[in-house]
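1. here is my input, please return the structure:
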Amino acid sequence: MITDERVVSFIHSFHREEEALIRQLEADAIEAGVPIVRRETRELLKVIEIIRKPKRLLEVGTAVGFSAIYMSRYLPEDGTITTIENYPPRIEKAKANFASAGLTDRITLLEGDAARYLKDLQEPFDMIFMDAAKGQYIHFLPDVLRLLAKDGVLISDNVLQDGDVLESRYAVAKRSRTIHSRMREYLYAITHHPELETALIPIGDGVAVSTRVGETKKE
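-> I've put the predicted structure just below:
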């Protein structure tokens with residue numbers, strides 16, 4: 001864990017109790033071994049949504065639909081979510097969860113490769129939540145920036161890789177070195193991009209919050 005467990009427990013002690021559906025979805029995901037957005041991270045998502053009031057929200061990485069359902073609670077009345085997932089068992093579970101939550105009219109699930117969908121999507125999004133395979137963030141970035149509206153917000157989860165990204169390339173397991181180098185590249189890209197202002201926040205597994213301050217130049 002990146003932050004001290006005592007600090008995390010102290011922060012959690014101030015959180016309001018979540019609704020029964022969210023608690024049940026979280027318990028089901030934990031039982032099934034499916035990683036979901038951590039509580040302190042989703043509190044940050046909630047506040048950003050309330051401030052930004054996104055009418056169009058894009059999520060890259062649905063998993064079982066937990067975060068999409070959570071974020072739907074804080075959308076404006078006319079807000080919608082488009083979410084992308086590639087893993088069939090999780091797609092089916094997400095569909096079932098969206099139906100159970102009565103959200104099939106507000107959440108659109110795109111089934112398949114995120115790289116393909118990101119190239120095809122045209123609608124600008126007020127908020128984008130990046131929560132897919134960490135090694136793909138850098139590859140998704142050009143299309144994500146194309147899709148991010150003026151003054152839009154990009155939130156990237158799990159950017160500190162349980163602390164691995166802090167370590168030397170040779171201090172991490174060989175199988176993790178590609179992800180390690182790609183995440184470092186991604187962090188450099190979003191903190192030095194002329195169209196973004198980015199804050200790296202050491203909560204959960206590390207969150208990057210970027211806001212659009214310029215326009216993407218057309219080729």
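2. mind listing what the closest residue to Thr41 other than its chain neighbours touches?
-> Of all residues not flanking Thr41 in the chain, Gly204 sits nearest, at 3.7 Å (CB to CB, 6 or more residues apart in numbering). Where C-beta positions appear, they are placed from N, C-alpha and C, glycine not excepted. Residues in contact with Gly204 (CB atoms under 8 Å, 6 or more residues apart in numbering) are 2, 37-38, 40-41, 157-158.
3. next: Glu43.
-> His15.
4. hmm, which of the contacts of Gly204 are the buried ones?
-> Buried positions within those, assessed by neighbour count (16 or more other CB atoms under 10 Å), are 37-38, 40-41, 157-158.
5. following the top helix by length along the chain in sequence, what is the next regular element?
-> For the chain, the longest helix by residue count, based on DSSP state H, is helix 177-192. Sequence-wise, the next helix or strand downstream of helix 177-192 (DSSP states H and E) is strand 196-201.
6. ok, then the element right after the lowest-mean-pLDDT helix or strand in the chain?
-> Least confident helix or strand of the chain, by mean pLDDT, DSSP states H and E, is helix 5-12 with a mean of 83. Per DSSP H and E, the first helix or strand lying C-terminal to helix 5-12 is helix 20-32.
7. before we move on, the earlier item: from the contacts of Gly204, which single one is nearest His139?
-> Each of the contacts of Gly204 was scored against His139 by CB to CB, and Asn158 proved nearest at 15.7 Å.
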